[in-house]
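> Kindly return the folded structure for what I paste below:
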Amino acid sequence: MQTSTVHIAKQAESDSLIYVIVKITVMMVLGQFTFAKYPAPVMALSLLIIGGLFFDSLYRNKYPHFLFQLFICNHFMFGYENGGIYNLAASISLIIYLCFFKNFFSVPSSLRRLLLFLVAALAVIQVVSLLNNNAALVTKLTAALIFANLLFLFIYASKIQLNYSDLKQFIQITGIFFFYNLVVSINQKYELFASPFEFFPSLNAEAEFEMGILRSNGVLNNFEFYAEYSISLIALILPSVLSGSSKAYGQRFYFFCFAIIFTGILSIIFSGTRSSVLLLPVVALLTGILLNKRLKVRVLLYGTVLASAFAVINAQAGWIDFDVFSKRSENVDMKNLTLEKILSGEEINRGGIFAYGIKKAGRSNFFFGEGYFTKRLEYIKVHFDKTGDDVIPDYHNLYMSVIVTWGYLGGILFLSLFVISLFRGYQLYFRLQQYNLFAVDLLLGFNLLFTFLLINQFKIQFIRDANYFLMTLLFLAIYNSVIQLLKNSTFLTATNNSISDKKMLEDVVNESVLLK
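Below you'll find the predicted structure:
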């Protein structure tokens, strides 16, 4: 009887996964028809269907599916200067659902009171900062509404309670569309065919690259975002592969996770981003240290052998050109390289913009800045005091940008969302590190993801584009949901301290299957 129940549950889970993937695919394709170049009826119908697919998940109480749809859709740039087409459609669907069907906002948030207070305070500082600049009133209102919408979706996402099966499904969905992203980037790199589709973007023929080296950007339209996103997924998945905990969901899922890591490495190579390559061994080393006794050395050796074999074969076949990194480093004076030159941006192609950003941050107010904008021209005009083709469209540094955007107080509040979450995450992981569970390793993965994301933000900034901004906030919401899920798990509150790891593992896996 139990075997039959488990089989039915697994079949239902498989059908649910296929259904949400089909919905996301339809939304991905329809996104390109929301551009103004298409007739108004086509735009309206596309938006209606996208909104309807969001609403369908809400109406059927499939809240995690709504979250996964929103997360994947924000990989695409459609309408990013207006806060994102998908984000607008999601919010309209959500508002209709909350008004007429269910008051979901009574559910507690995984962010808890402190982080919710920080979000509310940041929203107030955004309004004050917008009042502080010289932009037109319509521009200020638009910026305020777009930022409010991003926070609205972030807070709602934090109220979606995830179970163990949802976490597995999140990895499956993210991995599938990550593979798709790699296919896009391969086509961009080797120009196999010119795609007419916005959801399968080719590189702009007029795009200029440093030293003429073509660099893939996937669907994110930014090769540095693409590289950071790739190393983020590697950090997220690597603990469960090196510990073997993902095998609890079967060999196929384990190899699927392994494939995500391999895909991430290839994606970083195609992006041509040196910082992510340099951080890769650090991610692996720190993962091994934090796993401690749970690290499966055999898995590490297998991975090393496979990587070495691929390197040898690639050297003969010439599939992938690794010279992009050495070519881009030719202008770096390694003999005179110092920490001061790195921090100033002089040796990482950031010299002029870092100098300007430091100067601008030095003039910033403590209580407010100049506000967050998504429209590129307004962003440049407000932040750089001028417009023109020679202006770099952002500071290439999150920490300077948040100061100019929201002042020193607002910048501290914003960064505290991540620092406090990391504190909670690491604190909980050290309580659970002896348990070889997929959810525990996913917690460690999120700890590593945000640790290295904050390091990488020294040379880029995820708040520049609305879609990547919200994607990062959704990562943060899921991170806190994992923390809350593990804190509320029965094995943490059990009074029987003699409970075995095997018994606990069976309970968690059975729960992940039967919950569906």
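> All the strands of the stretch 401-516 of the chain, in order from the start?
For the stretch 401-516 of the chain, no strands are identified by DSSP state E, counting those that start in this stretch.
> quick one: the helices in it?
438-456, 466-487, 490-493, 501-514 (DSSP state H, counting those that start in this stretch).
> can you tell me which of those helices the model trusts least?
Looking over the helices of the stretch 401-516 of the chain, mean pLDDT reaches its minimum on helix 501-514, with a mean of 48.
> What residues does residue 53 make contact with?
Shown in contact with residue 53 (C-beta atoms under 8 Å, 6 or more residues apart in numbering): 23, 26, 27, 69. Every residue, glycine included, has its C-beta placed from N, CA and C.
> Helix or strand next in line after whichever strand or helix holds residue 129, which one?
Using DSSP states H and E, residue 129 sits within helix 112-132. Next along the chain after helix 112-132, taking DSSP H and E as the criterion, comes helix 137-158.
> Just the buried positions in that next one, please.
Buried residues in helix 137-158, counted by 16 or more other C-beta atoms under 10 Å: 139-140, 142-144, 146-147, 149-158.
> could you give the angle of the helix or strand harbouring residue 46 to helix 137-158?
Using DSSP H and E, residue 46 maps to helix 40-59. Between the axis of helix 40-59 and that of helix 137-158 there is an angle of 30 degrees, by axes from the mean of the first three to the mean of the last three C-alpha atoms, to 10 degrees.
> Residue ranges in the chain under the pLDDT threshold?
In the predicted model of the chain, residues 1-15, 103-105, 205-213, 314-355, 357-358, 361-363, 382, 385-393, 490-516 satisfy pLDDT under 70.
> show me the contacts for the residue nearest to residue 460 when sequence neighbours are not counted.
Residue nearest to residue 460 in three dimensions, not counting chain neighbours: residue 224, with 4.7 Å by C-beta to C-beta, 6 or more residues apart in numbering. When contacts are counted by C-beta under 8 Å, 6+ apart, residue 224 touches 271, 273, 459, 460.
> And for residue 127?
Here residue 127 is in contact with residue 144 (C-beta under 8 Å, 6+ apart).
> distance of it from residue 145?
Separation of residue 127 from residue 145 (C-beta to C-beta, to the nearest Å): 11 Å.
> Ok, residue 26 next?
Distance from residue 26 to residue 145, by C-beta to C-beta: 27 Å.
> Which helix or which strand is home to the residue nearest to residue 460?
Here residue 224, judged by DSSP H and E, is contained in helix 223-243.
> the inter-axis angle of that helix versus helix 438-456?
Counting by the same axes, to 10 degrees, helix 223-243 lies at 150 degrees to helix 438-456.
> quick one on the thing from earlier: present the contacts of residue 53 as CSV; the columns should include secondary structure and distance to residue 84.
What follows is the contacts of residue 53, written out as CSV (DSSP: H, G, I helix; E, B strand; the rest coil; distance: C-beta to C-beta, whole Å):
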residue, secondary structure, distance to residue 84
23, helix, 18
26, helix, 17
27, helix, 12
69, helix, 13
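> between these, which has the most around it?
Among these, residue 27 has the most neighbours (other C-beta atoms under 10 Å), with 27 neighbours.
> Give me the neighbour count for the closest residue to that residue other than its chain neighbours.
Leaving aside its chain neighbours, residue 27 sits nearest to residue 50 (5.2 Å; criterion: C-beta to C-beta, 6+ apart). Residues lying near residue 50 (other C-beta under 10 Å) number 28.
> Same check on residue 252?
Residues near residue 252, counting by other C-beta under 10 Å, number 9.
> what's the answer for residue 51, then?
For residue 51, the number of neighbouring residues by other C-beta under 10 Å comes to 20.
> Next: residue 44.
A count of nearby residues for residue 44, using other C-beta under 10 Å, gives 13.
> Could you do residue 95 as well?
11.
> How is it classified with respect to secondary structure?
Put simply, residue 95 is helix when judged by DSSP: H, G, I helix; E, B strand; the rest coil.
> State the helix or strand in which the closest residue in space to residue 169 that isn't next to it in sequence lies.
Distance criterion C-beta to C-beta, 6+ apart; nearest residue to residue 169, sequence neighbours excluded, is residue 17 at 5.8 Å. Taking DSSP H and E as the criterion, residue 17 maps to helix 2-30.
> sorry, back to before: give me the buried positions along the helix holding residue 46.
Using 16+ other C-beta under 10 Å as the test for burial, helix 40-59 gives 43, 46, 47, 50, 51, 53, 54, 55, 56, 57, 58.
> And for stretch 281-296?
Quick answer for stretch 281-296 (16+ other C-beta under 10 Å): 283, 284, 286, 287, 288, 290, 291, 294, 295, 296.
> Equivalent analysis for stretch 20-32, please.
Buried residues in stretch 20-32, counted by 16+ other C-beta under 10 Å: 20, 21, 23, 24, 27, 28, 30, 31, 32.
> Nothing else from me, thank you.
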